[in-house]
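# Pasting the sequence and the predicted coordinates here, then a few questions.
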Amino acid sequence: MIDTPFKSATHCTAGPAARPEPVRTLCGGPYDGVADSPGFVTEITAMALVVRLHRYGGPEALTLEQIEPSAPAPDEVQIRHTAIGLNYIDVYDRTGLYATPLPVVLGREAAGVITAVGRRVRGFRAGDRVAYVHPGAYCEVRNVPARHVVKVPAGISDREAAALMLKGLTAQYLLRRTYRVQRGDPILVHAAAGGVGLILTQWARALGARVIGVVGSEAKAELARKHGCRHVLISGRDDIVASVKALTKGAGVAVVYDSVGKDTFMESLDCLRPLGMMVTYGNASGPPPAVSPLELSKRGSLFLTRPTLFSYIATRAELEAAAKELFAIVKSRKVRVRIGQSYPLSEVAQAHRDLEARRTTGSTVLLP
Ligand code: NDP
């Protein structure tokens, strides 16, 4: 599934990998296709850090390796990462819930600077500040098919862009395409203080929705209130269904965005009003149970969908339109990207531990 952006690999023993010395080189030498930027001098690291998975398992299965970056293929750009987004999906990839052939480089979103351009690529030059969603992001330098890459506009930092591509594009399709949120809609958002959660709640408020968030602690509740939630419920303390019914005068919500899965799926169905939309888009507590269509009928002709971002940005036109809308709402400051914590890339295992232990808030970035 992952392209192979590297020529060779050397395993590191335990602990952070030693950083390679950068060598200055002239693009257009060993790299194809940079003739459109003659004389552009950039730094190419001779060896680069990459995080590989050779077997499914816990955070300890993440292996630090040194590789020699290869030149981009004709349709690729080479990117030197400045920030890499951490996502709960990376945990599913690591444990094998989302199985992929091994070995594999984990990570699905990042931002950085183009260091070389394949000869068939149009519209990008060495030096461009870019971001993307594509597997294989846990590394310092890599090649990515140019069709997955977008330029980052001024006013949005690299760290924000790295946190935004997967999580922000997810919020975009959930609110604007899966269920088109209308002014006044009561909506329920699980994991409201998380990476996707804080973007989703702010954007939903900007659309005029009445957002009810669910979080795991009082501290997270405070954060969710500051980022768009009108009401916040605490899982394990509050009766979610009864509270949602009380907050909506018995009616229920128009849509539930449920990324928790197994622990919350059935009660999420019970929170919906007739003809409401159940969006189950994640499995933080495990995959949701199998459900009979009759369960939807008896709760009032509900709709059920299990979407994934990759269906919504399958074409270049869809990716560009979604990224344009996302960058616009961030630049308008209606949605602020809250980076709750960052880790050196070499400490990615600790980042995974904290994410799984529910110790993170907002977005997390890994820094090469
Ligand atoms: P988050 O930052 O939201 O982290 C996960 C959060 O889930 C935790 O902080 C925790 O918040 C909550 N949670 C509830 N139960 C558990 C549990 N048993 N174990 C661990 N966490 C739990 O992660 P992301 O923003 O990266 O992703 C959010 C969700 O969105 C994920 O489920 C992910 O798979 C999904 N997703 C789906 C996409 C799609 O297209 N389908 C695309 C992108 C993300 P609290 O303590 O407040 O309960």
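All right, it came through fine.
# Check what pLDDT the residue of the stretch 1-150 of the chain at minimum distance from the ligand gets.
Proximity of the stretch 1-150 of the chain to the ligand (CB to the nearest ligand atom) peaks at residue 88, 3.6 Å away. The way it works is simple: take the backbone N, C-alpha and C, and place the C-beta from them, glycine included. The model reports residue 88 with a pLDDT of 98.
# Now it. Nearest residue, chain neighbours left out?
residue 284 (5.8 Å; CB to CB, 6 or more residues apart in numbering).
# Just say helix, strand or coil for that neighbour.
With DSSP: H, G, I helix; E, B strand; the rest coil as the basis, residue 284 sits in coil.
# burial measure for residue 185, as a count.
17 (other CB atoms under 10 Å).
# That should have said residue 120, apologies.
Neighbours of residue 120 using other CB under 10 Å come to 12.
# ditto for residue 165
Residue 165: 31 neighbours (other CB under 10 Å).
# what bridges to the closest residue to it other than its chain neighbours?
Leaving aside its chain neighbours, residue 165 sits nearest to residue 109 (4.1 Å; criterion: CB to CB, 6+ apart). Taking DSSP bridges as the rule, residue 109 bridges to residue 85, residue 133.
# Quickly note the distance from residue 94 to residue 339.
22 Å (CB to CB, to the nearest Å).
# ah, wrong one, I meant residue 147
27 Å.
# tell me the contacts of the residue in the stretch 101-250 of the chain that the ligand sits nearest to?
Minimum separation of the stretch 101-250 of the chain from the ligand (CB to the nearest ligand atom) falls at residue 194, amounting to 2.1 Å. Residues near residue 194 by CB atoms under 8 Å, 6 or more residues apart in numbering: 88, 259, 360-362.
# If we use 10 Å, what do you get?
88, 167, 200-201, 215-216, 220, 223-224, 259-260, 282, 284, 340, 355, 358, 360-364 (CB atoms under 10 Å, 6 or more residues apart in numbering).
# got it, and residue 243?
212, 214, 231, 233-234, 271.
# For residue 221, which non-adjacent residue is closest in space?
residue 232 (4.2 Å).
# pLDDT at that neighbour, what is it?
98.
# Okay, and the beta partners of it?
Going by DSSP bridges, residue 232 forms beta bridges with residue 213.
# how many neighbours does it have?
Other residues close to residue 232 by other CB under 10 Å number 22.
# Against residue 189, how distant is it?
Relative to residue 189, and taking CB to CB, residue 232 is found at 10 Å.
# gap between the spatially closest residue to residue 60 that is not a sequence neighbour and the ligand?
Residue nearest to residue 60 in three dimensions, not counting chain neighbours: residue 349, with 6.4 Å by CB to CB, 6+ apart. For residue 349, the distance to the ligand equals 17 Å [CB to the nearest ligand atom, to the nearest Å].
# is the helix or strand that contains residue 111 anywhere near the ligand?
Under the criterion of DSSP states H and E, residue 111 resides in strand 109-117. No - applying CB under 6 Å from any ligand atom, one finds strand 109-117 separated from the ligand by no less than 9.4 Å.
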